[in-house]
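Chemist: With the input below, show me the fold.
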Amino acid sequence: MTLDLSFLARGGHLPALLDGLLTTCKLFVVSWICGFLIALVLANLRDVRFAPVRFVAGIYLEYHRNVPTVVQMLVWYFAMPDLLPDSIRLWINRGNTEFLFAWIALSLNVSAYFAEDIRSGMRAIPHTQYEAARAIGLGALGALVYVILPQAVRITIPTILNRTLILFKDTSLAMAIGVSELTYQVRNIENATFRAFEVYFIATITYLVISLVIMFLGAWFSRRFAVTHRA
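Modeler: Numbers count the residues shown, from 1 in each chain. The predicted model follows:
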């Protein structure tokens, strides 16, 4: 059996496929960045002395870690606009906001996992590191930002890499709310051409290659910034 992909060029489907790939990469990158920044805040909120803050942060983490990602995406796209004022809801309905809601849902979801990973890394750092940072004149925030968090992130690189791969694959769930990412475009091309094997073969190879690239970069980053232990 020969794999004939010329139908992509003949039918003008190649630009749609490339556009879907670009949308997937954009959604992955912006969700990762926002999720990581939110996680840095959450990891610290979980250990504050004010109990109500810890409780709210805990509820946030439990929701995003235990409710399926696609359900969270559907909640943001279909349910959340109903809680907004009519003027804002009408603006949302008129605009192309599918990407925005997918971005929000994926960012919040991955932040819950990143936060717990970073928090575990912070707990692995001896408290004497914090005391030493304060002793050389750093404030509480300075010790956290310049001493504790960099080490915590380095410790948790393997788990962050694993969650990064899952986030990349989860971008395909955005097709459920109409985001024209790679899987969405692949499905449309298959419906138009009935070339299921060829189209899904392309999607499979594309996801596989990008996942392997992420793994390679993560392995390099892990070796480059690995925490070394000295006796």
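
Chemist: okay, CA-based contacts and neighbour counts for the rest of this
Modeler: OK.

Chemist: residue boundaries of the helices in the protein?
Modeler: 6-10, 13-45, 51-66, 69-74, 86-94, 98-123, 127-135, 140-143, 149-155, 157-170, 182-193, 196-224 (DSSP state H).

Chemist: A176 is nearest to which of those?
Modeler: Comparison of these against A176 by C-alpha to C-alpha identifies helix 69-74 as nearest, at 7.5 Å.

Chemist: Kindly export that closest one (C-alpha atoms) in PDB.
Modeler: The C-alpha trace of helix 69-74 is given here as PDB (Å, rounded to 0.1, in the frame of the first residue of the first chain):
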ATOM      1  CA  THR A  69      -9.900  18.700  31.300                       C
ATOM      2  CA  VAL A  70     -12.500  18.700  28.500                       C
ATOM      3  CA  VAL A  71     -15.300  19.200  31.100                       C
ATOM      4  CA  GLN A  72     -13.400  22.300  32.400                       C
ATOM      5  CA  MET A  73     -13.100  23.600  28.900                       C
ATOM      6  CA  LEU A  74     -16.900  23.100  28.300                       C
END
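
Chemist: Same question for it: list its buried residues.
Modeler: 69-70, 72-74 (16 or more other C-alpha atoms under 10 Å).

Chemist: Under the pLDDT cut-off, which ranges of this structure? List them.
Modeler: Low-confidence segments of the chain, defined by pLDDT under 70: 1-2, 4, 226-231.

Chemist: ok, 50 please
Modeler: Where the chain drops to pLDDT under 50, the residues are 229-231.

Chemist: Return the residues in contact with S172.
Modeler: For S172, the contacting residues are 24, 181-184, by C-alpha atoms under 8 Å, 6 or more residues apart in numbering.

Chemist: Among those, the buried ones, what's the ChimeraX command?
Modeler: The following ChimeraX line selects those of these that are buried, judged by 16+ other C-alpha under 10 Å:
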select :24,181,182,183,184
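
Chemist: ok, and the closest non-adjacent residue to H64?
Modeler: N109 (5.1 Å; C-alpha to C-alpha, 6 or more residues apart in numbering).

Chemist: How many neighbouring residues does the one you found have?
Modeler: N109 is flanked by 25 other residues according to other C-alpha atoms under 10 Å.

Chemist: show me the contacts for it.
Modeler: 35, 64-65, 69.

Chemist: If we use 7 Å, what do you get?
Modeler: If you count contacts by C-alpha atoms under 7 Å, 6 or more residues apart in numbering, N109 has them with 64-65, 69.

Chemist: Which one of those is nearest to I157?
Modeler: Distance to I157, by C-alpha to C-alpha, is smallest for R65 among the contacts of N109, at 19.2 Å.

Chemist: how much space is there between the closest one and V71?
Modeler: In this view, R65 and V71 are 12 Å apart by C-alpha to C-alpha, to the nearest Å.

Chemist: Could you list the buried residues of stretch 109-125?
Modeler: 109-122, 125.

Chemist: and among the helices of the chain, the most buried is which?
Modeler: Comparing the helices of the chain by mean neighbour count (mean count of other C-alpha atoms under 10 Å), helix 98-123 ranks first with a mean of 23.

Chemist: That helix to helix 13-45, inter-axis angle?
Modeler: For helix 98-123 against helix 13-45, the angle by axes from the mean of the first three to the mean of the last three C-alpha atoms, to 10 degrees is 40 degrees.
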